[in-house]
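Undergrad: Compute the structure for the input listed below.
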Amino acid sequence: MGWRRAACCALAAPLLLAGCASDKVAGLHRRTAAAQLPPTAPACAFSLGGIDDQRDAQSLGQMGRTHIDGAGFDGWFRSGIASIPGYTRDAGAPAIRVTVLKAYVHGLVTLKSANLVVRVQFPPEGSGATTTTKTYRGFDDSMNWSTSESEIQEAFNTALDSLTAQIGTDLKKRCKG
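TA: Residues are numbered from 1 along each chain as shown. Below is the predicted model:
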């Protein structure tokens, strides 16, 4: 009887947590303190030439009964890119162009995965050089405790921090080269 009770408890836990879930997460908001790269070297100045959103759908996914609305995604994402050290609005700075390919969250029982996939086009690094393009994936794979709005928001913020740290690291390398 003991193993049956344990099995029932293991199966019931996700169902109990689902009772705390939101029906809808209405858009994304940037937290006030974004993760920054360690200040080991001066930041590479860059501007944002544009963001092209090529996602198939504006929705950011579904976790159980919770629909994650994509409202506010553009501003949230632009603010994340602008948080990369070296960002400037100076038109004379080299401009990167970002294409958003995917942005979604999905879950499996008690796990969740928030994902951002982008392609970044970097300007040529010197005379005669060509434009460089690189694809990045920012993600957060973590426990899904309650499918609450704050939990989903935190997962997307963590995925964005992961993404911007990777882009910032490559921008720094370009300044050194």
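
Undergrad: Please count neighbours and contacts with C-alpha atoms only from this point.
TA: Will do.

Undergrad: Could you list the buried residues of the longest strand seen in the chain?
TA: If you go by DSSP state E, the chain has its longest strand at strand 95-108. For strand 95-108, a neighbour-count test (16 or more other Cα atoms under 10 Å) marks 95-107 as buried.

Undergrad: And stretch 134-148, by the same measure?
TA: Applying 16+ other Cα under 10 Å to stretch 134-148 flags Tyr136, Arg137, Gly138, Phe139, Asp140, Asp141, Met143, Asn144, Trp145, Ser146, Thr147, Ser148 as buried.

Undergrad: Could you look up the SS state of the residue positioned nearest the centre of the chain?
TA: In the chain, the residue lying closest to the centroid (Cα atoms, centre = their mean) is Leu160, at 2.8 Å. Of the three states, Leu160 takes helix under DSSP: H, G, I helix; E, B strand; the rest coil.

Undergrad: returning to what we had before: and the next element down the chain from the longest strand of the chain?
TA: Following strand 95-108 in sequence order, the next helix or strand is strand 111-122 (DSSP states H and E).

Undergrad: For Pro91, give me phi and psi.
TA: Quick fix: residue 91 is Ala, not Pro. phi -70, psi -20 (degrees, to the nearest 10).

Undergrad: Could I get the CA-only coordinates of stretch 91-109 as CSV?
TA: The C-alpha coordinates for stretch 91-109 follow below in CSV (Å, rounded to 0.1, in the frame of the first residue of the first chain):
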residue,chain,number,x,y,z
ALA,A,91,23.9,57.1,-35.1
GLY,A,92,27.7,57.0,-35.7
ALA,A,93,28.1,53.8,-33.7
PRO,A,94,28.2,50.5,-35.6
ALA,A,95,24.6,49.2,-35.8
ILE,A,96,23.5,45.6,-35.2
ARG,A,97,20.2,44.3,-36.6
VAL,A,98,18.3,41.6,-34.7
THR,A,99,15.8,39.2,-36.2
VAL,A,100,13.5,37.4,-33.6
LEU,A,101,13.0,33.9,-34.9
LYS,A,102,11.2,32.3,-32.0
ALA,A,103,9.9,33.3,-28.5
TYR,A,104,8.0,30.8,-26.5
VAL,A,105,7.5,28.9,-23.3
HIS,A,106,6.4,25.3,-22.9
GLY,A,107,6.0,22.9,-20.0
LEU,A,108,6.1,19.3,-19.2
VAL,A,109,4.4,18.4,-15.9
